[in-house]
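Asks: Predicted model, plus sequence, below.
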Amino acid sequence: MKKRVLKIAAFSLGIFLLASAGVFASRYFINYAVEEEPEIDESQLLQGTATLEGDSKQINVLLMATDLGGVHTDSMMIASYDKERQMLNIIAVPRDTRVMINEKPYKLNTAYALGKKGQQQELTIRKINEFIDLPIHYYAVVNTKGFRNIVDILGGVEINVPMRMKYDDPEQDLHIDLYPGLQVLDGDKAEQFCRFRKGYVDQDYERSMAQQQFLKALIDQKLKPEYFFKIGSIFQEISANLDTNVGIGDIASFLPFIKSINNGNTNMYYMPGEDKVIDGVWYFLPDQEKTDALIREKFLNQPAGNSADAAA
């Protein structure tokens, strides 16, 4: 019985992590390409994840999806589960966010590429914590193949595609061809939906909103007992395409929380800020005051003006 519960818990968490981390936009841009890996100050490579205490009110997971080469994290979200309110809050972190590494400016999605081998996630976590004051307890990194295969194993996800999505970039092996309307997207089409950006007025913001639309649909449609029988196939994809510090002991303790997740208690947010070109490079600049207010009020459930420290 205990073994069965662990399997169900692992399956549920696996869907949640992979679905959350698996919304991405895989493209290379010359303005963030790394020609030479700089030497990173060792103080920036300390263990980035926080310790999850037994009485913690929150479980915070950094969800990341890598590009086609597995080099840059082209989608980043923090999923924060409030155990007392039984609420899941997710904030999208723009990949173009400007950060300083060794006193040089980079886009945030490059931090993963610059991290110490085997510890790439730690530099990303430390950079994110400079403008989002939430302790990161866990991380999960998924690649493009894992995302497509998981969606196919689950039988696709029903999405209302809002517009004609057509774009081709042979150099990046990017071919998007979707028509508007309610439809079930298989793994390949789900990837197209989540990568599309050229047809939007505000490309990165609207693409992020589409990714969140996909995530909410997947949570609503697939976190259900009837999908438990696919656990074997899911495990194969998780082990082959997911890097995470979530252990089997953690998974068992997550079961009560995962069972409570649904669209009614899941909230999506986008980090406040603005786009700006600096020295010929397009960056996203966070609005620190608005970001702090959002985290306090929505994630930490603190009234406006309450400066209490974040819960660990």
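Replies: Right, received. Where do you want to start? Predicted model, so just to flag it, every value in this text is computed and none were measured.
Asks: And the helices in the protein?
Replies: Counting by DSSP state H, the chain forms helices over residues 2-21, 111-114, 120-128, 144-153, 187-195, 203-222, 231-241, 248-258, 288-294, given from the N-terminal end onward.
Asks: all strands of the stretch 1-150 of the chain, in order?
Replies: Listed in chain order, the strands of the stretch 1-150 of the chain (DSSP state E, counting those that start in this stretch) span residues 58-66, 73-82, 87-92, 98-101, 104-107, 138-142.
Asks: Would you mind saying which of those strands lies nearest Ile219?
Replies: Distances from Ile219 to each of the strands of the stretch 1-150 of the chain were compared using C-beta to C-beta; the shortest belongs to strand 87-92, at 8.3 Å. Where C-beta positions appear, they are placed from N, C-alpha and C, glycine not excepted.
Asks: one step back: let me have the strands of the stretch 1-150 of the chain in JSON lines, adding distance to Glu122 and mean pLDDT as columns.
Replies: What follows is those, written out as JSON lines (distance: least, C-beta to C-beta, whole Å; pLDDT from 0 to 100):
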{"stretch": "strand 58-66", "distance to Glu122": "11", "mean pLDDT": "87"}
{"stretch": "strand 73-82", "distance to Glu122": "12", "mean pLDDT": "87"}
{"stretch": "strand 87-92", "distance to Glu122": "20", "mean pLDDT": "91"}
{"stretch": "strand 98-101", "distance to Glu122": "13", "mean pLDDT": "94"}
{"stretch": "strand 104-107", "distance to Glu122": "15", "mean pLDDT": "94"}
{"stretch": "strand 138-142", "distance to Glu122": "9", "mean pLDDT": "86"}
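Asks: For Gln121, grab the count of nearby residues.
Replies: 23 (other C-beta atoms under 10 Å).
Asks: so who does it touch?
Replies: With contact set as C-beta atoms under 8 Å, 6 or more residues apart in numbering, Gln121 has these partners: Gly48, Leu62, Met64, Tyr112, Gly115, Tyr139, Val141, Asp243.
Asks: redo that, cut-off 10 Å
Replies: Residues in contact with Gln121, defined by C-beta atoms under 10 Å, 6 or more residues apart in numbering, are 48-49, 62, 64, 73, 111-112, 115, 136, 139-141, 243-245.
Asks: Buried members of these into ChimeraX, please.
Replies: Here is the ChimeraX command that selects the buried residues among the contacts of Gln121 (16 or more other C-beta atoms under 10 Å):
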select :48,49,62,64,73,111,112,115,136,139,140,141,243,244
